[in-house]
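**Q** Below is the sequence, then the predicted model.
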Amino acid sequence: MGSTSRPRTTEVGKKPKKKDLPAEIVREFRSLFDDAKKATDKQGRRVTGAKWGVYAFYDYDGEPIYVGQTKESLATRLNRHLTNQRTDAVAMRILDVFEVAELEVWPLWDLQDTPSKRDDKAAFDAAQTNLDKHEYSAYLQAIENSKFGAILNEKIPPVSKPIDLPESYRFTLISDKTRADRGHPDVRIARRAETISRLAAVAYERGEVSAGLRRVLVIQAVRLAYKAAERFKHAEGEAAPDPSAISVEGLIGSVLYPTEDEGSGD
């Protein structure tokens with residue numbers, strides 16, 4: 001009887017390089033992410049090299065889905081979200097990295113030389129207040145640009161008076177091929193349903209979770225319902241439904257202020 005075993009795809013005894021282990025689509029994402037981290041401004045500074053800054057993620061529709069802040073460097077914080085996946089937002093299944101198609105950053109160079117809290121508490125606290133203002137303004141901008149009037153932040157940024165944001169830099173993290181393949185509505189509906197299932201499991205298994213996490217569960221469900229309805233309308237040859245058909249505010253109230261038991265912050 002002839003052998004039915006398949007030929008090996010790698011040379012016996014040859015260990016593959018670690019960077020070659022991820023799936024092609026993951027390697028592509030990381031390559032484009034690396035390009036974004038190498039981008040420079042007019043002064044030749046790497047924009048993600050800023051120690052203090054604000055960032056936002058967008059999905060395949062250009063819909064804003066998450067806003068955050070950092071004072072450990074934009075590159076470091078973004079790595080933790082998108083590469084290492086070691087942030088609460090990812091670990092708690094609030095943010096699905098596979099839904100991130102674009103990245104926007106606001107480097108705050110004026111805060112670059114802020115002393116540590118131990119060396120100068122007053123200066124550090126003033127810088128933190130400034131950072132909070134920028135994050136909240138970016139959050140309000142994302143809410144305004146969202147067709148649902150809500151994004152996936154578990155914690156609403158510290159509320160402050162809106163300010164003018166500095167110049168931002170926006171990057172695409174997926175290729176046209178990936179957008180066509182993974183951006184297919186049926187794929188996204190299935191992925192979003194899986195994300196909701198995982199998020200609901202976190203709430204069930206932990207029992208005691210933040211009000212913000214439960215709010216995100218509602219927002220994710222709204223996003224899923226709309227995408228499914230949009231797909232249904234398309235299959236029927238009809239125009240996409242009006243996003244206002246589902247009122248996030250009607251379901252959970254305002255997303256501009258934290259709930260009493262929630263606190264605020266990134």
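**A** Good, I have the coordinates.
**Q** looking at this protein, which helix or strand is least sure?
**A** Ranked by mean pLDDT, DSSP states H and E, the weakest helix or strand in the chain is helix 88-91, scoring a mean of 83.
**Q** Quick one: name whatever helix or strand follows that helix.
**A** Going down the chain from helix 88-91, the next helix or strand is strand 102-107, by DSSP states H and E.
**Q** That next one pairs with which strands?
**A** The strands beside strand 102-107 in its sheet (DSSP bridges) come out as strand 53-58 (antiparallel), strand 169-172 (antiparallel).
**Q** quick one: buried residues of stretch 100-113?
**A** For stretch 100-113, burial by neighbour count (16 or more other C-beta atoms under 10 Å) applies to 100, 101, 102, 103, 104, 105, 106, 107, 108, 109, 111. C-betas here are computed from N, CA, C, even on glycine.
**Q** The second one: what's it in contact with?
**A** When the contact criterion is C-beta atoms under 8 Å, 6 or more residues apart in numbering, the partners of residue 101 are 58, 59, 60, 62, 172, 173, 174, 179, 183.
**Q** Tell me which of those residues fall in helices.
**A** residue 179 (DSSP state H).
**Q** Quick check on the contacts of residue 101: which are buried?
**A** By 16+ other C-beta under 10 Å, the contacts of residue 101 give 58, 59, 60, 173, 174, 183 as buried.
**Q** Which one of those residues is nearest to residue 202?
**A** residue 59 (20.5 Å; C-beta to C-beta).
**Q** so which strand or helix has residue 76?
**A** With elements taken from DSSP H and E, the one containing residue 76 is helix 74-82.
**Q** re earlier: hmm, which two among the buried residues of stretch 100-113 are most spread apart?
**A** 101 and 111 (28.5 Å).
**Q** got a list of what the residue lying closest to residue 168 once chain neighbours are set aside touches?
**A** Distances taken as C-beta to C-beta, 6 or more residues apart in numbering put residue 106 closest to residue 168, at 4.8 Å, once the chain neighbours are dropped. With contacts defined as C-beta under 8 Å, 6+ apart, residue 106 is in contact with 53, 54, 55, 134, 138, 165, 166, 167, 168.
**Q** Ok, residue 97 next?
**A** 81, 82, 85, 90.
**Q** what sits against the first one?
**A** Spelled out, it's residue 81. Applying C-beta under 8 Å, 6+ apart to residue 81 gives the contacts 57, 68, 87, 89, 90, 95, 97.
**Q** try the third one
**A** The neighbourhood of residue 85, defined by C-beta under 8 Å, 6+ apart, consists of 91, 97.
**Q** That one sits in which helix or strand?
**A** If you go by DSSP H and E, residue 85 is not part of any helix or strand.
**Q** Show me which pair in the contacts of residue 106 is furthest apart.
**A** Greatest spacing in the contacts of residue 106, by C-beta to C-beta: 55 and 167 (13.9 Å).
**Q** Nothing else from me, thank you.
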